[in-house]
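1. this is a predicted model, with the sequence first.
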Amino acid sequence: MATDTNVGDRGARGLRAMGLSGGAQAVALAGSMSSSGVYRVRLAGRDAVLKVSEGEPAQRIEARRELRFYRDLAESIPLSTPQLLADADSEELTAMLLSVHRAAAPARTWARSEWLEAARQLAVLHSFEAPRRDPWIHAPWVRGVLDDPPAGMAIDHWSRTPAAGRAADLLDDPAALARALDAGPAGFIHGDCHVDNLLRDGDRLVWADWQAAGVGTCGIDLAFLFGRAYADGADPPVEAMVDEYVARRDVDPALLRRSMMAAELATLLFGWPAYMDHHTLYERDRITARLVQLAGDWLS
């Protein structure tokens, strides 16, 4: 979070597009897209979150998907989500004003009961019958990367780590990961499921940041939740969470577990190398150890 500042040109344009007053005082927050700005603003005595994405329409696909979610699906989703207070969408920008909620505690401080509740809520989300049309039909990042895996980048990074041998074995047949991922149960997934996107309203979880939502393989959400938490120093009760999940959905536990493993391995192999420089040595060591452990389980 940055220091207090004016909302800036981008934020002012977003506010004007929604018919709101410019010049609101704001705190800049970390945005998830390079073409977006995210701010905590105070308007007419009320705090809110302002999200503004600009650029070519192709660069705003995720922003528009999130806006569609809040406009069309949020009230039907059986989970708590931020409330859409105002919005605008044009050729120039996509803007949303959303209700404010407090951030969740760091993953490493979560109690077992909190992890189990997240698993139960994911089972509910994945059972939601979403419209099978655009923008809800799209390939999640993990699935797309397995169609054309950046093997060179993966080899360059992992060959310099203690996971070199395991990574090489996996890279011999990345299509096996795709097959296992596809064999898992499908449903309506969040697509960017990690603790930073789970806010709080009292004791309730509030699920935010729906840019990647759509119909997909459910193991992706579970794997990303586990993987990000592990990198952040947490040790979620994975098996207990899977048991909670399976108790609420009629799915094959073996296929779910294999699909989760494939999703997490694909993320470790092809996603994490680009972000390792932003992590501490402790976090990098945990990520590497996670790949060694999961690859051993997969190959056995």
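-> Yes, it's here.

2. now the residue nearest in space to the middle of the chain: closest residue in space that isn't a chain neighbour?
-> Taking C-alpha atoms, centre = their mean, the centroid of the chain lies closest to residue 192, which sits 1.2 Å from it. Nearest residue to residue 192 in three dimensions, chain neighbours excluded: residue 212, at 4.7 Å (C-beta to C-beta, 6 or more residues apart in numbering). Just so you know, the C-beta spots here come from the backbone N, C-alpha and C atoms, and that holds for glycine as well.

3. what helix or strand is the one you found on?
-> Here residue 212 sits in a region with no helix or strand, counting by DSSP states H and E.

4. go on, the one 4 residues further on?
-> Taking DSSP H and E as the definition, one finds residue 216 inside strand 214-217.

5. chain center to that strand: distance?
-> Mean-position distance between strand 214-217 and its chain equals 13 Å (C-alpha atoms, centre = their mean, to the nearest Å).

6. from the contact counts, what lies against that strand?
-> Strand 214-217 sits against strand 186-189, with contacts defined as 3 or more C-beta pairs under 8 Å, 6 or more residues apart in numbering; DSSP states H and E.

7. and the strand it packs on, which residues are buried?
-> Applying a neighbour-count criterion of 16 or more other C-beta atoms under 10 Å, one finds 187-189 buried in strand 186-189.

8. pLDDT and distance to residue 86 for those residues - can I get that in a markdown table?
-> Shown next, in a markdown table, are those (pLDDT from 0 to 100; distance: C-beta to C-beta, whole Å):
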| residue | pLDDT | distance to residue 86 |
| --- | --- | --- |
| 187 | 95 | 30 |
| 188 | 96 | 26 |
| 189 | 97 | 27 |
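
9. quick one: which of the residues you listed is nearest residue 286?
-> residue 189 (25.0 Å; C-beta to C-beta).

10. and the end-to-end length of stretch 209-224?
-> Separation of the first and last residues of stretch 209-224 by C-alpha to C-alpha, to the nearest Å is 14 Å.

11. meant to ask about stretch 169-187, not that
-> 30 Å.

12. ok, now stretch 223-241?
-> 11 Å.

13. how far is that stretch from where the chain is centred?
-> Put simply, stretch 223-241 sits 14 Å off its chain's centre (C-alpha atoms, centre = their mean).
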